[in-house]
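Trainee: Okay, predicted coordinates and the sequence, questions at the end:
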Amino acid sequence: MTNIIILNGGSSSGKTTLAKYLQKALSDPWLRFSIDDLIQSMPESMLKKDSGIKFDEDGSVTPGTEFQELETAWMHGIGEMARRGARIIIDDVFLSGVKGRQKWETALEGTQVFWVGVFCDPTVAAAREKERRDRIGGMALSQAAIVHEGMNYDVKVDTSSSTAEGCIQLIIQNM
């Protein structure tokens, strides 16, 4: 039985919205975690140094070694919660593509993971990004394709051509 759902997509693709809808639609209680939660919980100093995580003016994101160590610990913590019976929805941005998935596979060993690719037309994602006040312009465009390179998913959804409800229905039907 699936106890982890991972939503991977670029910035402003709709992952968090889908995670919230999924949480409501599933009958059992599911916890929800996002890469944004990890970043927001870090000390501000980690956002300013090369070893932390840097958000450049062009929308590029560069995770440094110190951030990567904390991210690995966070992933393994989520894996342990799942192995102890928690059901968890994760929304993430695999900036390193397949390497990002491999890190999760290691952390989630012994769990049943359902992999969801969250696609969104880059121009739609860029328009969403522009409406948001918590994003740097260019992130949506720069991440739209790279996060899916070489990836295999249990199901793919496209939030630019389907409603959130339609995407959730597709995910649940395929779980």
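Mentor: Great, that's in hand. Residues are numbered from 1 along each chain as shown.

Trainee: How far off centre is the lengthiest strand in the chain?
Mentor: Ranked by number of residues, the top strand in the chain under DSSP state E is strand 113-119. Offset of strand 113-119 from its chain centre (Cα atoms, centre = their mean, to the nearest Å): 9 Å.

Trainee: Begin at 33, not 1, for the rest of this chat.
Mentor: All right, first residue 33 from here; so that's strand 145-151.

Trainee: List the buried residues in the helix or strand just after that strand.
Mentor: Using DSSP states H and E, the helix or strand that follows strand 145-151 towards the C-terminus is helix 154-163. Within helix 154-163, the residues that qualify as buried are Pro154, Val156, Ala157, Ala158, Arg160, Glu161, counting by 16 or more other Cβ atoms under 10 Å. The way it works is simple: take the backbone N, C-alpha and C, and place the C-beta from them, glycine included.

Trainee: who's in contact with helix 154-163?
Mentor: The contact list for helix 154-163 (Cβ atoms under 8 Å, 6 or more residues apart in numbering) reads 42-46, 152, 167, 169, 171-173, 176-177, 191-192.

Trainee: Where do the strands of this protein begin and end?
Mentor: 36-40, 63-66, 85-87, 93-95, 120-124, 145-151, 187-190.

Trainee: Check those for me and report the most buried one.
Mentor: strand 36-40 (a mean of 26; mean count of other Cβ atoms under 10 Å).

Trainee: Touching, Glu141 and Glu112? I think so.
Mentor: No - Glu141 is not in contact with Glu112 according to Cβ atoms under 8 Å; the separation is 10.6 Å.

Trainee: These two: which has the busier surroundings?
Mentor: The residue with more neighbours, out of Glu141 and Glu112, is Glu112; 14 against 11, by other Cβ atoms under 10 Å.
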